[in-house]
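Engineer: Need the 3D shape of this:
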Amino acid sequence: MDLDMKAWLRSLGEAKRKKALPILSFPAVQLMGITVRELISDSGRQAEGMARIAQRVDAAAAVSLMDLSVEAECFGSQIVVSEDEVPTVTGSILSDPSQVEALAIPPVGAGRTSIYLEAVRKAVERIQDRPVFAGMIGPYSLAGRLLDVTEIMLYCYDDPDMVAQLLDKVTEFLISYGRAYKETGANGIMLAEPLAGLLSPALAEEFSAPYVKRIVDALQDDRFLVLYHNCGNCTIQMIDSILDTGAAAYHFGNAIDMAEMMEHIPQDTIAMGNIDPAGEFRNGTPESIRAATLQLLEDCGSYPNFVISSGCDIPPLSKWENIDAFFQAVEEHYAHG
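Structural biologist: Residues are numbered from 1 along each chain as shown. Here you go, the predicted structure:
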């Protein structure tokens, strides 16, 4: 669906009765009676899952699978796939500058990227009443999966040139991947940069924000937005460099106080968050998630640029009664507002 996405984003903020925009895709496995393994390996099932979720919940947008193993797998990383959890990267494939130097940038379409691109293409055809965003990993988070998530932080101090060279390579790949999503007809990407949330503000400013900005500058326009996601616990301290990325909107995790974060967000910029995905969607009850949702809306609802969401990707086996209760609570709040 061809939309003026800048206008859509403005309307999201100006609406008196706002719609939630959670990162909701993997729980489709329950609606379809399939496993995560089956979902991640089939573009038709992914599009079907997104369509079923769009039929069930009145969200502001549809979001494709937030699977942060796809891009690393393209570069050669080993992944662990299970029946009921999101895939994860195991081990590292790089450990010294010569390996980084020799690392080839894979073509878009390698590994499962072709499946994920085709899934979004099919979802865009099926979902006509709201924008469709594709899930994609951020540059530092991808580099960390290739070098090891702990080791990369040490390399930022011990060998910053190597880290910068790797970031150049992964950023080039992510720009190409993002352009391919743009060609599917998607309305934007949700760019997940959670590993950057573990960095100090100074390191995030050097090793994450400039590379995210490169992606934003290459992809974002009136028809295609980059939504930035970081669920780390230091995002308030590094908010200046996060905002410097120029992303269209920002999405934060439940490790922070969302009301405190909203004090740092410009009035003309949308910020989203941050109901606990594991604690509430996965392991809570309809009563507990209703209370948490109403409380967050009470705390942040006075900010017209706040849009309620999950704090991160909602886990595959999250209870649908909890997901439904979340949406009902949002509707209840704005109906009485």
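
Engineer: And the strands in the stretch 51-200 of the chain?
Structural biologist: Along the stretch 51-200 of the chain, counting by DSSP state E, counting those that start in this stretch, strands occupy 62-63, 78-80, 88-90, 132-137, 188-192.

Engineer: Rebuild these as JSON lines, extending it with distance to residue 220.
Structural biologist: Yep, even glycine has a C-beta here, placed from its N, CA and C like the rest. Formatted as JSON lines, the strands of the stretch 51-200 of the chain follow (distance: least, C-beta to C-beta, whole Å):
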{"stretch": "strand 62-63", "distance to residue 220": "17"}
{"stretch": "strand 78-80", "distance to residue 220": "29"}
{"stretch": "strand 88-90", "distance to residue 220": "27"}
{"stretch": "strand 132-137", "distance to residue 220": "13"}
{"stretch": "strand 188-192", "distance to residue 220": "8"}
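
Engineer: and of these, who's closest to residue 221?
Structural biologist: strand 188-192 (9.9 Å; C-beta to C-beta).

Engineer: Any stretches of the protein with poor pLDDT?
Structural biologist: Applying pLDDT under 70 to the chain flags residues 337.

Engineer: so how far is residue 15 from the residue lying farthest from the centre of it?
Structural biologist: Distance to the chain centre peaks in the chain at residue 98, reaching 31.6 Å (criterion: C-alpha atoms, centre = their mean). Using C-beta to C-beta, to the nearest Å, we find residue 98 at a distance of 54 Å from residue 15.

Engineer: Residue 143 too?
Structural biologist: Residue 143 sits 37 Å away from residue 15 when distances are taken as C-beta to C-beta.

Engineer: out of the two, which sits in the more crowded spot?
Structural biologist: Set residue 143 next to residue 15 and count neighbours by other C-beta atoms under 10 Å: residue 143 wins out with 30 against 13.

Engineer: The nearest residue to the more buried one once chain neighbours are set aside: neighbouring residues, count only.
Structural biologist: Closest residue in space to residue 143, ignoring its immediate chain neighbours: residue 166 at 4.9 Å, by C-beta to C-beta, 6 or more residues apart in numbering. By the criterion of other C-beta under 10 Å, residue 166 has 27 neighbours.

Engineer: Over to residue 335?
Structural biologist: Neighbour count of residue 335, defined by other C-beta under 10 Å: 8.

Engineer: Run through the helices of the stretch 151-300 of the chain in chain order.
Structural biologist: Applying DSSP state H, counting those that start in this stretch to the stretch 151-300 of the chain gives helices spanning 151-158, 160-183, 201-207, 209-219, 239-243, 258-262, 286-300.

Engineer: Turn these into JSON lines, including distance to residue 270.
Structural biologist: JSON lines is the format used below for the helices of the stretch 151-300 of the chain (distance: least, C-beta to C-beta, whole Å):
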{"stretch": "helix 151-158", "distance to residue 270": "30"}
{"stretch": "helix 160-183", "distance to residue 270": "20"}
{"stretch": "helix 201-207", "distance to residue 270": "21"}
{"stretch": "helix 209-219", "distance to residue 270": "15"}
{"stretch": "helix 239-243", "distance to residue 270": "12"}
{"stretch": "helix 258-262", "distance to residue 270": "11"}
{"stretch": "helix 286-300", "distance to residue 270": "12"}
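
Engineer: Ok, which of these comes nearest residue 103?
Structural biologist: helix 160-183 (6.0 Å).

Engineer: distance between the closest one and the chain's centre?
Structural biologist: Chain-centre distance of helix 160-183: 17 Å, with C-alpha atoms, centre = their mean, to the nearest Å.

Engineer: which outside residues touch that helix?
Structural biologist: 71, 74-75, 94, 96-97, 100-101, 103, 105-106, 108-109, 113, 117, 120, 134, 136-140, 142-143, 146-147, 152, 155-156, 189, 206-207, 211, 214-215, 218-219, 224, 226 (C-beta atoms under 8 Å, 6 or more residues apart in numbering).
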